[in-house]
Each structure stands twice: as structure tokens, then as C-alpha cells.
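Enquirer: sequence and predicted structure below; questions after.
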Amino acid sequence: MFDHLDPVLLARIQFAFTVSFHFIFPSFSIGLASYLAVLEGLWLWTGKQLYFDLFKYWLKIFAVVFGMGVVSGIVMSYQFGTNWSVFSDKAGAVIGPLMAYEVLTAFFLEAGFLGVMLFGLNRVGKNLHFAATVMVAVGTFISAFWILSANSWMQTPTGHEIAANGQFVPGPSWWAIVFNPSFPYRLTHTVIAAYLTTSLVVGGVGAWHLLRGHKDPRTRKMFSMAMWMAAIVAPIQIFVGDQHGLNTLEHQPVKVMAMEGHYDSHPNGAPLILFGIPNSAEKRVDYKIEIPKLSSLILKHDLNAPLAGLDTVADDRKPPIGIVFWSFRIMVGLGMLMLLLGLWSLLARWRGRLYDWPLLHRFAIAMGPAGFVAVIAGWVTTEVGRQPWTVYGLLRTVDSASPLAASAVATSLIAFVIVYFIVFGLGVLYLLRLMASPPASGESDLDHDPSRAAGLTPAPAVASKSFR
């Protein structure tokens, strides 16, 4: 039934589907763990019940998000052995240790302190409980560190050697692998994106309750903190994204050509194409709206700087132009809207209308899911833009896949789609139900067992991975 399909394409679609679903949860849990640490720290510092109420409110949500991230991430590791066994064989000596470091550091750190964070407030005391919350937040960052190091090595491979049998093996300096050229930029960009994603969700929830008339101090504080985060971090993210783009131009110029839609080289300054329809058959962008020479100014800081185009690249070394072109614009466009939300909130704060400007609140609600869309669009830009390579410039994707029949891959893909939409669809609906209730004071059931309000049952041992 499926034998006429390309098994490599199906394997790529399966990996993209499971990663996209999974990425939603770590992009929230990384920022939410840090937000919980801030809330608990402010409670201990100021003694204000308000911060503790907000901590308990978001702790319920974090427990569910973290658990869904663990479950959705388990599948990722197995696909390296099922669909991408050749890649695992050739690059395992480099990728395997990086993944193992994530287990030995972040995995054990989170597993050790998550139970204390969720169940131990009245058992270990305030200070130790705060330390556990901080450790969980640190664990999510360390997890991101190692996973992004592995992914960045695939984008900009350095520090390795190629053995006689074609396998990638570590060179004299292991740190050259860990801190490969794109890793610092990708780590910073991704972690800030997680913080922005969290601030947009928190701001959207706060705006929802403000519109419904719940203007108590807890809701106001929640919304205010989220808007401060958006106003401060969105401009920083735009700057970091620009630096990441310059790094990508240096090490993966073909990806930038696809992002910019530059089918032709521009020896006297390249235009910035705002919108258009990439036409790879005719090697042009149809119906384009462009600003002359602005791309050269952004990428080279010179209006007349030459930029090479896709006409300098062989067809079998080009990524799918249309996907990269549009995913990049979705990411950047949402980033501009995040900046607008932050600036609008500053105006509202200055005019004393932060809590009674309905149009601002509706905009914040609309922007609530924007962070998730932006991080997935950014991931698509990064991964699809790397094609046709698994290890950039060294190992092709078509040569990395397992020798499976298309029917086998298609069957597992269909199963994943059905199970994921049922299980995680219900999980997301439950999260929305939790968020629909406003934060309240004195939630006594959480004083003893925070997991009960989240619908969880304590387990004797917790094994979790927040960034698979």
C-alpha cells in the first residue's frame, strides 16, 4: 500500500512530527521552572503570600507539562535505532557521549529534586525546598545544554576525525566537539525562546482572567511579571537572533540563501525579500516585496556588500527552499509581534492602564501560543535548512536512514499520529482547564500534595528527561 513512497522521506516526517510535538513541552518547562524558582525566591525574600499563591498555581501546571515532556521525549531516542541506524553507527561515538552526559547530569539532577519540589514543601522546610526548585530549573538548562550541543555539532561539525570505516570519532580535544562554532548561539537563542514562550503563556493566562474581571493582586502580578519579561527579553532575542544569523552565514551559507530567498547572486548589494512565493522550478521568488540592499546591510553591515545566491550551489546540495523561506518568516514575524506586545505593555504601564486596557489583554491572549509556533518554526528553519545533510557537509540524510520498507515506516508514523493526538490532545485540554481557573489564596490541598491538584499520583521514583 505504501511501497511507492520514499521511506527516507517518511522517516524524516516521523522524526519531524515527534520532535515538533515534544518541543512544545520543553520550550515551556524550561522557562516555567525558572519562573517557579523566581516566585518561590520572592516569597522567601518578601514574605508575601501573593508569590506563594502564584507558585502553587503554576506548580500544578508545571507538573503536567513536565510529565508530558518526559513521555513525548522517550520516543526520540528510539528512532535513532529504528529509523536512523546508519547515522547512529557512523556518528554514535560523538553523539552518544553527549546524550549520555545529559542523562548523567540533567537526568539525575531533575529526577533527584523533582520529587522534593512537588511533594516535599512541608517535609524538608522552605529553604531546602527552594534549593530543590532551583536545582530542577538548573537541570532543565543543563539538559538543553547537552542536547543542543549534540544538535549543533550536526550543524557545524568540528573536533572529530573520520576513521577508515567512515565513522566519526572524537579528535584530540573533546571540548572542540562540545563547543562547536554554532553551539553558543543556538543555546542562547533557544533558552531565551523558552523564556519568551513562558512569558507569553503566563501573560495570556493573566490577560484572560483580567478580561473576566478577576483583577485581584495575584492576577495583576502574574500579568505584570509576564509583560516585564516580554518587554525586556524580546529585544534581546532579536539581537541574539541576528548574531545567530551571522554565525549561520559563516558556517552554513546555503541555509541563509534559502532563508533569504536569494536564487541569484547579488554582487552590488542584496535586497531583503519581505514576502513572496519561492518558485524553485524557475529559480525565482514570484510576487516578491523587497527592500533594495537591506539584506546586505543586515548580513554584512554594508549596503553594497556582495552576497552569493543559490545559483552558486549544485541542485543536490540545496535544501527545500519554500519550507525554509516561510518558516523563517513565521519565526521573525512572531518575534516582531512579541516586541510589539512588550512595547505596548510599557506604554500601558506608563499610562497607568496595564490592568484595564482590554485591547492589550486581547492581544496578549492571542499571543499566548505564539512562542510555541515560533520555536517550532525556528526548529524547522534550522533542520530543514541543513538538508540534504545529517552531519552538515559530511553525511547525507539519504545515507543515514535504516534500510526499512516504506510500509513499515508509514505504519509507525500513522500510529504515532493517532496516539499523540489522543494522548497529548487530552493533556493539553487538561492544561487549559487548569489555566482557566484563576489563582487563589490558601489552596490547602497543595500544602500537602501538589500533584493531587494536577491529577498526578506520586511515584516512588521519578525518571524524567526534559529536553529529548
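Expert: Cool, got the structure.
Enquirer: could you use CA atoms for every contact and neighbour count after this?
Expert: Noted.
Enquirer: burial count for Gln237?
Expert: Residues within reach of Gln237, counting by other C-alpha atoms under 10 Å, total 21.
Enquirer: other residues contacting whichever strand or helix holds Ile95?
Expert: Using DSSP states H and E, Ile95 falls within helix 85-102. With C-alpha atoms under 8 Å, 6 or more residues apart in numbering as the test, helix 85-102 has contacts from 80-81, 142-143, 146-147, 149-150, 160, 166-170, 177-178, 390, 399-402.
Enquirer: what's the PyMOL syntax to select whichever of the residues you listed are buried?
Expert: To isolate the buried ones among the contacts of helix 85-102 in PyMOL, judged by 16 or more other C-alpha atoms under 10 Å, type:
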select buried, resi 80+142+143+146+147+149+150+160+167+168+169+170+177+178+390+400+401+402
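Enquirer: restricted to helices, list the contacts of helix 85-102.
Expert: 80-81, 142-143, 146-147, 149-150, 177-178 (DSSP state H).
Enquirer: what would those look like in CSV with pLDDT and distance to Ala364?
Expert: Shown next, in CSV, are those (pLDDT from 0 to 100; distance: C-alpha to C-alpha, whole Å):
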residue, pLDDT, distance to Ala364
Phe80, 82, 39
Gly81, 83, 42
Ile142, 92, 30
Ser143, 90, 30
Trp146, 93, 33
Ile147, 91, 31
Ser149, 95, 33
Ala150, 93, 35
Ile177, 94, 41
Val178, 94, 38
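Enquirer: dump those residues to a markdown table, plus distance to Asp356.
Expert: Below are the ones in helices among the contacts of helix 85-102 laid out as a markdown table (distance: C-alpha to C-alpha, whole Å):
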| residue | distance to Asp356 |
| --- | --- |
| Phe80 | 51 |
| Gly81 | 54 |
| Ile142 | 40 |
| Ser143 | 40 |
| Trp146 | 43 |
| Ile147 | 42 |
| Ser149 | 44 |
| Ala150 | 46 |
| Ile177 | 52 |
| Val178 | 49 |
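Enquirer: is it true that Ala401 touches Trp84?
Expert: Yes. Counting by C-alpha atoms under 8 Å, Trp84 is a contact partner of Ala401 at 4.4 Å.
Enquirer: picking up where we left off before, and the ones in helices among the contacts of helix 85-102, which is closest to Ala11?
Expert: The closest of the ones in helices among the contacts of helix 85-102 to Ala11 turns out to be Phe80 (C-alpha to C-alpha; 10.5 Å).
Enquirer: ok, Leu249 to Gln237 distance?
Expert: Distance, Leu249 to Gln237, by C-alpha to C-alpha, to the nearest Å: 18 Å.
Enquirer: that should have said Met99, apologies.
Expert: Look at Met99 and Gln237: by C-alpha to C-alpha, they are 27 Å apart.
Enquirer: could you do Arg386 as well?
Expert: Distance from Arg386 to Gln237, by C-alpha to C-alpha: 22 Å.
Enquirer: now do Ala33
Expert: In terms of C-alpha to C-alpha, Ala33 sits 19 Å off from Gln237.
Enquirer: in the protein, which ranges drop under the pLDDT threshold?
Expert: 1-3, 442-468 (pLDDT under 70).
Enquirer: and the spatially closest residue to Lys293 that is not a sequence neighbour, how many neighbours?
Expert: Using C-alpha to C-alpha, 6 or more residues apart in numbering and skipping the chain neighbours, the partner closest in space to Lys293 is Pro271 (4.1 Å). Residues contacting Pro271 under the criterion other C-alpha under 10 Å number 21.
Enquirer: also the one 4 residues further on?
Expert: Using other C-alpha under 10 Å, Phe275 is surrounded by 17 other residues.
Enquirer: what lies in contact with the helix or strand harbouring it?
Expert: Under DSSP H and E, the secondary-structure element containing Phe275 is strand 272-279. Residues outside strand 272-279 that contact it (C-alpha under 8 Å, 6+ apart): 260-261, 284-296, 321-322, 325.
Enquirer: which other helices and strands does the helix or strand just after it contact?
Expert: Under the assignment DSSP H and E, the closest C-terminal helix or strand after strand 272-279 is strand 284-291. Secondary-structure packing of strand 284-291 (3 or more C-alpha pairs under 8 Å, 6 or more residues apart in numbering; DSSP states H and E): strand 272-279.
Enquirer: parallel or antiparallel, list what pairs with the strand it packs on.
Expert: strand 284-291 (antiparallel) (DSSP bridges).
Enquirer: and the next helix-or-strand element following the partner strand, what's buried?
Expert: Going down the chain from strand 284-291, the next helix or strand is helix 294-300, by DSSP H and E. Neighbour-count burial for helix 294-300, counted by 16+ other C-alpha under 10 Å, picks out 294-297, 299-300.
Enquirer: next: stretch 37-57.
Expert: Residues of stretch 37-57 classed as buried by neighbour count (16+ other C-alpha under 10 Å): 37-44, 50-57.
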